[in-house]
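S.K.: The following block contains a protein sequence and its predicted model.
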Amino acid sequence: MSDGRGPKPKNMFEIMTSECRFVHLRIKGGILNHMMKRFISCFSPCVLPALVSLLLSVSLQAQDIPTDPAVISAGEALFNGNCKTCHRVKTKLIGPALAGVETRVPSVKWVFDWVRNPAKVIASGDEYANKIYGEYNKSQMTAFSSYKDEQILSILAYVKAEAAKVEAAPVAAAGGAAGGGSAVPTAYLDTILVGMIIILVLLVIILALIVNALRRFLNQRDLSEEDREVVNSPITFASVSRSPGFIFLVIFIVGTITFKSVIDGLYSIGVQRNYQPKQPIAFSHKIHAGQYEIECKYCHTGAMKGKQANIPSPNMCMNCHSQIKEGTNTGAGEIAKIYAAVGFDPMTSTYTGVTKPIEWVRIHNLPDLAYFNHSQHVNVAGVVCQTCHGPIEEMDVVKQYSVLTMGWCIDCHRKTDVNTKGNAYYDKLVELHSTAGKKAMKVEDIGGLECAKCHY
Amino acid sequence: MTMTTMKNALLGFAAVSLLGCAGGDNPGREYAPNMYHSVAYEPLSQITDEMAGEWVNALDNGRGEYFNSNKYNEFRMNMRTPPANTVKRNKFGWLPYRSKNVPKDSVDIVIGALKSPLDSSAVYAVEGKALYEVYCKHCHGANGTGDGKVADKYAGVANLKGDSYLAMSEGHIFHVITYGAGLMGAHGSQVTPEERWKIARYVKTLQKQK
């Protein structure tokens, strides 16, 4: 409607001093009216059960909360479905921790009224309701008007049962995990290695024995003076290092290593693979993309839409980090850098308005002469990020995974089938291609190797 | 003779190693560095040192070839924020949804009047699903029951199949994605209006699934 369609109630756009933060506040007015109508229309057919439940609820005491396992499990389902968003049993969340609620509230009947229509209870001037309301920044609980007494009771039963549970000792799980299956192959390798060393040493000893035996044998023979000298000449470092065999060996080894390093070195020019610079904030993809399975494109929104995948602006960080103020790896230290950048005071959860950019270090840097577009690859071809960027979800510090050379691009364009499914753009091309042969249409078949595709 | 050969070989080896492969903070050597460093402003790069790369400058104007920073912008950034009081247009000609500062008692009227501009085609729910999986799944879970991986850490994620959410209109969902609600942050900057409507359509479809 704000897009220029439909009526435009002017007074609604008046600027308010404080933002409305909670959904249930927004629906409050509607719910009240709705409830009244519903109550009246419902009254006549429901008069008997309502009276019964009224009597029931007045007489209910905290002790009367059921302990039947079936009721508790029903309550668990309701709790997980509807309450868990704002309440936990033992910790304070948006709303209070519910453990011991049955002893805190004025009566169980009060809970019924409160759950069905908190606004009404507050408006009635109820002391406890207003105290809670004030304590939680005047954010009012969502009304669950359709809940029956038994349902609310079952939730209370679940809360009570859950609160009574003693923290299960996690010690049992911790043991036994040490020492894995990987120990066996390592031991194997070690044994083989030691065995080989023993065999080599034995070989050397045998050779030395043979040399000795030969020398003794030759000395017993009648040899000329010259031959005798040769036979008995001692093996010294100088004699070895001057022997042509040794010199050849050394030159060969050094030459090979040098040749290999020169070739490798030359090939590495212009290739920034494994470049892993230190970033101004120690952001871990392993935690965000790996552990919490946040989709890459949630932050790198540009990957679907344009040439650059984009470095997310810190307001996206704040979608979660306005609440999560302590990190897994580094505690509050690194997250505080986001706060400094966006100008956020974590103590009061307010924005100061003083901002400064975060100077991330660019890792993937194509030369200016090559054109690359993310959206063509991500959106049209459906290539997953990991194809080029590697297992990002396992990297604490991101490094360049692929070589990003022209050969690498070409190689993929030769191997990859064009993603033509559901894309009418390719219909004619596929038709044309199928007349030429039965092979799948690769990127190279539609000009994926043309120079001007990437260089212009 | 052997010694000098070995020395030369070692020197050559050392020289090549110094050329070095990239790794850690070292980006490695560049072939024709002035082709890596754009003359035009690069949106995601910033080199504020005016003398950086002077050694490859062929123009002899005493400036660095690598310098890439717009000194007239705030923080010398290459990217600019859109000018104040301008709006982004899209192919449908939609203007931005800006009912942010609506008085509390009028919000549901605004939301009630907000109707999806998308027709009833089933395509939108399918496209919405793909978008939901990118933008929503990690918190609200694949089934919308608020059991995404992030919900372990980020308390208070809504169960979209909870009783109080079932009655929400597509307009309400659109409003919440745009400006956030409760603990949920505003996603208007990440998700375009068209995408928001598609997600809203998918959430309504999702809520009907058991």
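M.R.: Yep, that arrived.
S.K.: For the rest of this, base every contact and every neighbour count on C-alpha atoms.
M.R.: Fine.
S.K.: got the residue ranges for the helices in the stretch 201-350 of chain A?
M.R.: Using DSSP state H, counting those that start in this stretch, the helices of the stretch 201-350 of chain A run over residues A:225-232, A:237-242, A:244-267, A:285, A:296-299, A:302-305, A:314-321, A:332-342.
S.K.: now the strands for chain A?
M.R.: For chain A, strands defined by DSSP state E occupy the ranges A:344-345, A:350-351.
S.K.: what's the closest of those to A:E450?
M.R.: strand A:344-345 (49.7 Å; CA to CA).
S.K.: Show me what the mean pLDDT comes to for that closest one.
M.R.: In this model, strand A:344-345 has a mean pLDDT of 90.
S.K.: The closest residue to A:S139 other than its chain neighbours: neighbouring residues, count only.
M.R.: With sequence-adjacent residues excluded and distances taken as CA to CA, 6 or more residues apart in numbering or on different chains, A:S139 is closest to A:Y133, at 6.6 Å. Other residues within reach of A:Y133 by the criterion other CA atoms under 10 Å in any protein chain shown amount to 18.
S.K.: Please report how far A:Y133 lies from A:S145.
M.R.: According to CA to CA, to the nearest Å, A:Y133 and A:S145 sit 19 Å apart.
S.K.: Roughly how far does A:D368 sit from chain B?
M.R.: Distance of A:D368 to chain B, given as CA to the nearest CA, to the nearest Å: 5 Å.
S.K.: separation between that residue and B:G64?
M.R.: Taking CA to CA, one finds A:D368 at 17 Å from B:G64.
S.K.: What of A:M406?
M.R.: Going from A:M406 to B:G64 by CA to CA gives 27 Å.
S.K.: Neighbour count: the two, which is higher?
M.R.: Shown here are A:M406 and B:G64; by other CA under 10 Å, B:G64 has more neighbours (19 against 10).
S.K.: How is the more buried one assigned, secondary-structure-wise?
M.R.: Three-state call for B:G64 (DSSP: H, G, I helix; E, B strand; the rest coil): coil.
S.K.: how does chain B divide up, domain by domain?
M.R.: Here the domain assignment for chain B is B:27-81, B:104-208, based on automatic domain parsing.
S.K.: Serialize these to JSON lines and add fields for mean pLDDT.
M.R.: Shown next, in JSON lines, are the domains of chain B (pLDDT from 0 to 100):
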{"stretch": "domain B:27-81", "mean pLDDT": "84"}
{"stretch": "domain B:104-208", "mean pLDDT": "88"}
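S.K.: Return the most buried member of those domains.
M.R.: Comparing the domains of chain B by mean neighbour count (mean count of other CA atoms under 10 Å in any protein chain shown), domain B:104-208 ranks first with a mean of 20.
S.K.: and that one, how far out from the chain's middle?
M.R.: 19 Å (CA atoms, centre = their mean, to the nearest Å).
S.K.: What about A:M196, how many residues nearby?
M.R.: A:M196: 12 neighbours (other CA under 10 Å).
S.K.: Relative to chain B, how far out is A:G290?
M.R.: 10 Å.
S.K.: Kindly report the same for A:K399.
M.R.: On the measure of CA to the nearest CA, A:K399 and chain B end up 8 Å apart.
S.K.: residues touching that residue, list them.
M.R.: For A:K399, the contact set (CA atoms under 8 Å, 6 or more residues apart in numbering or on different chains) comprises A:R273, A:N274, A:Y275, A:Q276, A:P277, A:I363.
S.K.: from the stretch 51-200 of chain A, which residue is nearest to chain B?
M.R.: A:T85 (4.2 Å; CA to the nearest CA).
S.K.: got a list of what that residue touches?
M.R.: B:G146, B:A155, B:G156, B:V157, B:A158, B:N159.
S.K.: got a list of what the last one touches?
M.R.: I take that to be B:N159. A:G81, A:N82, A:T85, B:H140, B:G144, B:T145, B:G146, B:D147, B:Y165 are the contacts of B:N159 under CA under 8 Å, 6+ apart.
S.K.: which one among those residues gets closest to A:L209?
M.R.: Nearest member of the contacts of B:N159 to A:L209, counting by CA to CA, is B:D147, at 74.8 Å.
S.K.: Now do the residue lying closest to A:A282 once chain neighbours are set aside against A:Q279, distance only.
M.R.: Distances taken as CA to CA, 6+ apart place A:E334 nearest to A:A282, at 6.4 Å, with adjacent residues excluded. Per CA to CA, A:E334 is found 11 Å from A:Q279.
S.K.: on that earlier part again, hmm, which two among the contacts of A:K399 are most spread apart?
M.R.: That would be A:R273 and A:P277, which, of the contacts of A:K399, are the farthest apart (CA to CA) at 11.6 Å.
S.K.: Dump the helices of the stretch 201-350 of chain A into CSV; add mean neighbour count as well.
M.R.: Shown next, in CSV, are the helices of the stretch 201-350 of chain A (neighbours: other CA atoms under 10 Å in any protein chain shown):
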stretch, mean neighbour count
helix A:225-232, 11
helix A:237-242, 10
helix A:244-267, 14
helix A:285, 21
helix A:296-299, 20
helix A:302-305, 18
helix A:314-321, 17
helix A:332-342, 18
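S.K.: Skipping adjacent residues, who's closest to A:S145 in space?
M.R.: Per CA to CA, 6+ apart, closest to A:S145 is A:R116, 4.1 Å.
S.K.: can you pull the contacts of the one you found?
M.R.: Neighbours of A:R116 in contact, by CA under 8 Å, 6+ apart: A:A143, A:F144, A:S145, A:S146, A:Y147.
S.K.: Of these, just the buried ones, ChimeraX syntax please.
M.R.: The following ChimeraX line selects those of the contacts of A:R116 that are buried, judged by 16 or more other CA atoms under 10 Å in any protein chain shown:
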select /A:143,144,145
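S.K.: on that earlier part again, find the residues that touch each one of A:R273 and A:P277.
M.R.: Taking CA under 8 Å, 6+ apart as the contact rule, A:R273 and A:P277 both touch A:K399, B:G23.
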